[in-house]
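Visitor: for reference, the sequence and a predicted model appear below.
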Amino acid sequence: MPKPLLHPQSDGTVIVGMSGGVDSAVAALLLRDAGYSVQGLFMSNWEDDDGYCTTASDFQDARRVCESLGIALHRVSFAEQYRERVFSRFLREYAAGRTPNPDVLCNREIKFGVCLDYMQRLGAAWIATGHYARVRHTETYPELLKATDTAKDQSYFLHSVAASALSKTLFPIGGLQKAQVRRMAHAAGLPVFDKPDSTGICFIGERPFQEFLSRHLRTEPGPIEAADGIVIGEHRGLALYTLGQRSGLRVGGRVGAAAAPWYVADKIIARNALIVVQDQNHPLLLSDAFDVEQLHWINPGDANDLPTECMVKTRYRQGDLKCSIHAGNALHWRVTLNRPARAVTPGQYAVFYRGERCLGGAIIARRFNSELAPDASRITYNSLFSAEGS
């Protein structure tokens, strides 16, 4: 049986964040079998009775797993902190026309923030989760590494977790393939061995996303315009669309236009206009450089090497792109890409890598395409409305 990637010291209690899924269940199993003193903790961050929230059933699954493993299970609600530190910022970003990533904030602020503090009050020397990532513990700063299963790697969502938190963290399944995890759960008789993976946003779940946003945001309809300025339809509110989006535009055929899909290419906040194009490689959709703000280095020493060449992901399901990071001022840095990328989206995160090591990341603020006039890229990120602001 493959051994999890653990810190060599196994003394002290490890508290595992139990989600009710198979990944956290196997994380707890591996730690228990490795000789750690293990306890579980189930946290609920969202309280909603509209039928989409699965907290109640997830807790029952976590309880059954802990009973099977013979470990204690604690339960705590961070719903108030979640609404304050994640959800309110999430809504503010969407209202400002940008596309935030609440999973990054949830990891930093809740799972490895207030939850870590709570676990330590319970006496934990270590915390562990079922994330697909790895931590290499060194004498200086911890190194966040990609998971062995590259299709499941979650280091993108963990890049802004403080080094002080990572230094107390174990990711037991980071060296395993997902298929191995399920086989281990089945062999150990864990009741969630075949439970489907959750695919929804951390607090929303698998509910209709635009319907959910419409419940919490005031959305104002406006024109959908082609790149030449011709109005071809009406959108339901800029917050309900993101760059590169193809479905849900409700624009039919246009006289003189090709019979091809339309893609969201830009948002003009001042005019409440949504710009769409038909070519998925249209210059308005491509960027060969972008600025980032609030750059977080896991090891601050990496900031001393700028300018530096590395790899970047501008969204989770994207292959690594070659880039260069150039020093700016205290507020922003310039990232240049070796090849243009599609749908680089303000408000999303650019996460940087060197080999398997995650260096850290930042919020995309402005995007550029050297083929376009300077004013052609209109969406910007305003730190006054930042998902990471004060």
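Guide: Yep, it's here.
Visitor: any buried residues in the helix or strand hosting residue 165, and which?
Guide: Using DSSP states H and E, residue 165 sits within helix 163-166. For helix 163-166, the neighbour count (16 or more other Cβ atoms under 10 Å) marks 163, 165, 166 as buried. Heads up, the C-betas are built off the backbone N, CA and C, glycines and all.
Visitor: closest one to residue 336 out of those, please.
Guide: Checking those against residue 336 by Cβ to Cβ gives residue 163 as the nearest, at 26.9 Å.
Visitor: ok, longest helix in this protein?
Guide: Across the chain, the longest stretch assigned as helix under DSSP state H is helix 55-69.
Visitor: give me the pLDDT for residue 152.
Guide: pLDDT recorded at residue 152 is 96.
Visitor: what's the spacing between it and residue 223?
Guide: With distances taken as Cβ to Cβ, to the nearest Å, residue 152 is found 41 Å from residue 223.
Visitor: next: residue 307.
Guide: Taking Cβ to Cβ, one finds residue 307 at 41 Å from residue 223.
Visitor: higher neighbour count, the two?
Guide: A direct count of neighbours by other Cβ atoms under 10 Å for residue 307 and residue 223 places residue 223 higher, at 17 against 11.
Visitor: how much space between that one and residue 318?
Guide: Relative to residue 318, residue 223 is positioned 30 Å away (Cβ to Cβ).
Visitor: what sits against residue 328?
Guide: In this structure, residue 328 makes contact with 291, 334, judged by Cβ atoms under 8 Å, 6 or more residues apart in numbering.
Visitor: that one and residue 365, how far apart?
Guide: From residue 328 across to residue 365, the span is 10 Å (Cβ to Cβ).
Visitor: ditto for residue 33
Guide: Using Cβ to Cβ, residue 33 is found at 46 Å from residue 365.
Visitor: below-threshold pLDDT in the stretch 151-300 of the chain: ranges please.
Guide: Regions of the stretch 151-300 of the chain meeting the criterion pLDDT under 70 cover residues 199-209, 252-258.
Visitor: how about the strands in it?
Guide: Along the stretch 151-300 of the chain, the segments classed as strands by DSSP state E, counting those that start in this stretch run 169-170, 222-226, 231-235, 263-268, 273-277, 286-297.
Visitor: distance to residue 114 for those strands - can I get that in TSV?
Guide: Shown next, in TSV, are those (distance: least, Cβ to Cβ, whole Å):
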stretch	distance to residue 114
strand 169-170	15
strand 222-226	38
strand 231-235	37
strand 263-268	33
strand 273-277	37
strand 286-297	18
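Visitor: related to what we said a few turns ago, contacting residues around the helix holding residue 165?
Guide: 112, 113, 116, 135, 141, 142, 144, 158, 298, 299.
Visitor: among those residues, which lie within strands?
Guide: Among these, DSSP state E puts 135, 144 in strands.
Visitor: need phi/psi at residue 152.
Guide: Backbone geometry at residue 152, expressed as degrees, to the nearest 10, gives phi -110, psi 0.
Visitor: residue contacts, it?
Guide: Per Cβ under 8 Å, 6+ apart, neighbours of residue 152: 132, 178.
Visitor: give me that answer again for 10 Å
Guide: Going by Cβ atoms under 10 Å, 6 or more residues apart in numbering, residue 152 touches 23, 131, 132, 133, 173, 174, 176, 177, 178, 181, 197.
Visitor: gap between the fifth one and residue 16?
Guide: Yep, that's residue 173 we're talking about. Distance of residue 173 to residue 16, computed by Cβ to Cβ: 11 Å.
Visitor: pull up the overlap in contacts between these two.
Guide: By Cβ under 10 Å, 6+ apart, the residues touching both residue 173 and residue 16 are 24, 25, 27, 29, 30, 128, 129, 130.
Visitor: now the first one: closest residue in space that isn't a chain neighbour?
Guide: On the basis of Cβ to Cβ, 6 or more residues apart in numbering, the spatially nearest residue to residue 24 that is not a chain neighbour turns out to be residue 130, at 3.6 Å.
Visitor: same question, the fourth one
Guide: Nearest non-adjacent residue to residue 29, counting by Cβ to Cβ, 6+ apart: residue 188, 5.5 Å away.
Visitor: contacts only, for the one you found.
Guide: The contact partners of residue 188, by Cβ under 10 Å, 6+ apart, come to 25, 26, 29, 30, 32, 33, 65, 68, 69.
Visitor: report the rounded mean pLDDT for the helix or strand where the first one lies.
Guide: Applying DSSP H and E as the criterion places residue 25 in helix 22-33. In this model, helix 22-33 has an average pLDDT of 97.
Visitor: mutual contacts of residue 328 and residue 365, please.
Guide: What both residue 328 and residue 365 touch, as defined by Cβ under 10 Å, 6+ apart, is the set 291, 292, 293.
Visitor: make a markdown table out of those and add neighbour count and distance to residue 219.
Guide: Below are the shared contacts of residue 328 and residue 365 laid out as a markdown table (neighbours: other Cβ atoms under 10 Å; distance: Cβ to Cβ, whole Å):
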| residue | neighbour count | distance to residue 219 |
| --- | --- | --- |
| 291 | 22 | 28 |
| 292 | 24 | 28 |
| 293 | 20 | 26 |
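Visitor: residue 95: which of those is nearest?
Guide: Taking Cβ to Cβ as the measure, residue 95 lies nearest residue 293 of these, at 18.5 Å.
Visitor: following the helix holding residue 25 in sequence, what is the next regular element?
Guide: Following helix 22-33 in sequence, per DSSP H and E, is strand 37-44.
Visitor: okay, now residue 124: neighbour count?
Guide: 20.
Visitor: that one against residue 15, yeah?
Guide: Yes - applying Cβ atoms under 10 Å as the test, residue 124 and residue 15 come out as touching, 4.1 Å apart.
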